[in-house]
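> Mind looking at a prediction? Sequence and model below.
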Amino acid sequence: MSAWIWGLLIFQFLLALVTYRFLYNRKKLIGFHLGMNIAMVAGGGLALGTGVLLIYEFPVYYMEVTVVTALTGMVTGSFFGGMFDNQTLLTGYISGLMTGLMAPMIGVAASYSIPFAIMVEFFVLCSFMMLFRAMRSS
């Protein structure tokens, strides 16, 4: 079971990295409101996916998974928000923190359901694809 979990974790981190590189090269074209939404989607989406997958992999280490997930969301939201300004950085930071604290709870409440994990990963993929689409239309 853990091979597909690690594969999905690596995939979502690579997706976030590719999205960051794509948006960084075009950051001057992005407005303030779209930048806030980008920071919130990136920080919250990556924290949600990471939290659910890590709690499936390490169900006994709830506190450690929660801390790692919150840090992941905070760092990701800060990086994406930091491309624009300090207010956007703070928005991404808080969004990643709150989602990172709640994502392991969601994973435990889902009773370690594989279809739920696939649905969450599909949500993360669609969220990052919407970031690409929003950037192209702005």
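That came through fine.

> Let's check: the centremost residue of this structure is which one?
residue 46 (1.4 Å; Cα atoms, centre = their mean).

> Now that one: closest residue in space, sequence neighbours ignored.
For residue 46, ignoring the flanking residues on the chain, the nearest one in space by Cβ to Cβ, 6 or more residues apart in numbering is residue 76 at 4.7 Å. In this view, the C-beta of every residue, glycine as well, is placed from N, C-alpha and C.

> cool, and residue 79?
In this structure, residue 79 finds its nearest non-sequential neighbour in residue 20, 6.5 Å apart by Cβ to Cβ, 6+ apart.

> what sits against the one you found?
42, 79, 80 (Cβ atoms under 8 Å, 6 or more residues apart in numbering).

> thinking again about what came up before, and the residue nearest to the centre of the chain, what does it touch?
12, 13, 16, 72, 73, 76, 96, 124.

> Let me have those residues in JSON lines, extended by neighbour count.
Converted to JSON lines, those look like this (neighbours: other Cβ atoms under 10 Å):
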{"residue": "12", "neighbour count": "21"}
{"residue": "13", "neighbour count": "15"}
{"residue": "16", "neighbour count": "23"}
{"residue": "72", "neighbour count": "24"}
{"residue": "73", "neighbour count": "32"}
{"residue": "76", "neighbour count": "26"}
{"residue": "96", "neighbour count": "32"}
{"residue": "124", "neighbour count": "26"}
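
> Flag every buried residue along the lengthiest helix in the chain.
Using DSSP state H to assign secondary structure, the helix with the most residues in the chain is helix 32-57. Residues of helix 32-57 classed as buried under the neighbour-count rule (16 or more other Cβ atoms under 10 Å) are 34-56.

> Could you do stretch 5-18 as well?
By neighbour count on 16+ other Cβ under 10 Å, the buried set for stretch 5-18 is 5, 8, 9, 12, 15, 16.
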